[in-house]
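Student: Provide a 3D model corresponding to the input given below.
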Amino acid sequence: MTKFLTAALLLVFISMTAQVETEVQPPYNIKSVAFIQASQGTIPIFGLNDAFTIQFDDLFGNEANYYYQIVHCDYDWKPSQLVKSEYLAGFDDLRIQTYTNSFNTLQVYSHYTLSLPNRQTQLRVSGNYMLKILNEDRDVVFSRKFILVEELVSVPLQIKRSRTMSTVNYMHNMDFSIKSQSIIFQNPLRNVKVLLMQNGRFDNAIMNIKPQYTIGNDLIYKYDQETQFWAGNEYLYWENKDVRAAGNGVSRIDSNGSLYNTHLYPTQARGSQPYTYFPDSNGNYFPLNINAENNDVEADYTWVYFSLSAPAYFGNGKIYVNGMFNNYAHSPEYEMEYNEKSALWEKAVVVKQGYTNYQYTIVNPDGNVDNANAIDGNFYQTESNYFVIVYYRENNSRYDRVIGKGVASSTNIIN
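Tutor: Numbering: from 1, shown residues only. Modelled structure (predicted):
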């Protein structure tokens, strides 16, 4: 009995002191990290038995050896109490064996593909996962979050305008419920948790929202402020699927070195301008070379030159160019520099050719993104996709299951 109590206390202590798993951004030579499903880049939310891949390029092009590890996490992204054999059938910490060198490109690179599940690695349970890519010294090169979902509940979700008059034109509110015919929720105020996401982003997700009330076994969330996102604006984009001809969003292309240079049209801060609708992909990007048969290894890299006219923001914080192409990273590689002579924020970044969504993000000196004063403004008409991820831990369970998700678009917004 004493040994049992000691082991139980040890597990509790480990769970309380476990470090939160955070995404490690890749170094300069690792580009185009993407989760792929059905041959398209996608946000990393998959069914428990779905097949998907993660792909990335190494610009060193030296066929380096990379390995992968998978960590199962709880709702708060701390490693769960499950041992590896409980959430993983087979092995990880294996070398990625599928890689190909680029073909007919100015930028030499090695393209790596990891498919999950595979013959050596199958995932047993739903929940939060951290995928780590390591080098030969077993140092983490980069890591990415992904979520596996069981479809055990339905989540009716409706996007509404803000319930607060001061923000009614600038915010989206999520009105949803959780319904199940197969689960009788035990202590739902404690055991049921939700993760609210805008366009599949982890960096501005809303957490720790409890059910407002219950009707029978249905959990109802009809908050006025707690479930609101700043609406933002439609993403900007450029298209350079032919590196020798200027496409949409591109003013000119030239070459004064080893790579082509893609110069984008200068953009103005749109916060004070009227909302203008134009279709986007909600931050996604699609590598594409119209003259290629295999875009994974035949799409080239170019220097992309960004310029933003927003002199009023000088001295108020740092501005970054962001999108799924760089996982919304706030790293020096994507931090814009203010040119006082031209009164423009400028930056040059190496990006794989294709169709790419991007936005400008302002980060306050305290390190937080200032969504309320977004450079391109907030408009309730903006089209975004919203997700509700539902977690459930039964009494005496040792991990947080993901039992369902709800998805809705603000295209169908109501008052």
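Student: Which parts of the chain belong to which domain?
Tutor: The chain resolves into domains spanning 2-149, 157-231+381-412, 236-363 when parsed by automatic domain parsing.
Student: Quick check: end-to-end length of the second one?
Tutor: So that's domain 157-231+381-412. The stretch domain 157-231+381-412 measures 11 Å between its terminal residues, going by CA to CA, to the nearest Å.
Student: picking up where we left off before, how about the domains of the chain in TSV, adding mean pLDDT and distance to Asp370?
Tutor: Every residue, glycine included, has its C-beta placed from N, CA and C. Converted to TSV, the domains of the chain look like this (pLDDT from 0 to 100; distance: least, CB to CB, whole Å):
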stretch	mean pLDDT	distance to Asp370
domain 2-149	91	21
domain 157-231+381-412	95	10
domain 236-363	94	5
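Student: Quick one: closest of those domains to Ala372.
Tutor: Closest approach to Ala372 among those is made by domain 157-231+381-412 (6.3 Å; CB to CB).
Student: Centre of the chain to the closest one, how far?
Tutor: Between the centre of domain 157-231+381-412 and the centre of its host chain there is 18 Å, according to CA atoms, centre = their mean, to the nearest Å.
Student: Could I get the contacting residues of the nearest residue to Phe91 once chain neighbours are set aside?
Tutor: Distances taken as CB to CB, 6 or more residues apart in numbering put Gln120 closest to Phe91, at 5.3 Å, once the chain neighbours are dropped. Neighbour list for Gln120: Gly90, Phe91, Asp92, Leu94 [criterion: CB atoms under 8 Å, 6 or more residues apart in numbering].
Student: List the ones among these that fall in strands.
Tutor: Judged by DSSP state E, the contacts of Gln120 include Gly90, Leu94 as members of strands.
Student: out of the contacts of Gln120, which is most surrounded?
Tutor: Counting neighbours by other CB atoms under 10 Å, Asp92 comes out on top of those with 17 neighbours.
Student: any chance of the contacts of Gln120 in TSV, plus distance to Asn368?
Tutor: Compiled in TSV, the contacts of Gln120 are given as follows (distance: CB to CB, whole Å):
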residue	distance to Asn368
Gly90	41
Phe91	40
Asp92	34
Leu94	38
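Student: Just the strands from the stretch 51-200 of the chain, written as ranges.
Tutor: Secondary structure of the stretch 51-200 of the chain (DSSP state E, counting those that start in this stretch): strands located at 52-58, 67-73, 88-90, 94-95, 98-101, 110-116, 121-123, 127-134, 140-149, 157-161, 171-178, 192-198.
Student: Could you figure out how far the longest one is turned away from strand 127-134?
Tutor: With axes from the mean of the first three to the mean of the last three CA atoms, to 10 degrees as the criterion, the two stretches strand 140-149 and strand 127-134 enclose an angle of 160 degrees.
Student: Can you list the strands that strand 140-149 pairs with?
Tutor: Taking DSSP bridges as the criterion, strand 140-149 pairs within the sheet with strand 45-47 (parallel), strand 127-134 (antiparallel).
Student: out of those, nearest to Cys73?
Tutor: Taking CB to CB as the measure, these were each checked against Cys73, and strand 127-134 came out nearest at 4.1 Å.
Student: From the chain's centroid, how far away is the closest one?
Tutor: Here strand 127-134 shows a centroid-to-chain-centroid distance of 13 Å under the convention CA atoms, centre = their mean.
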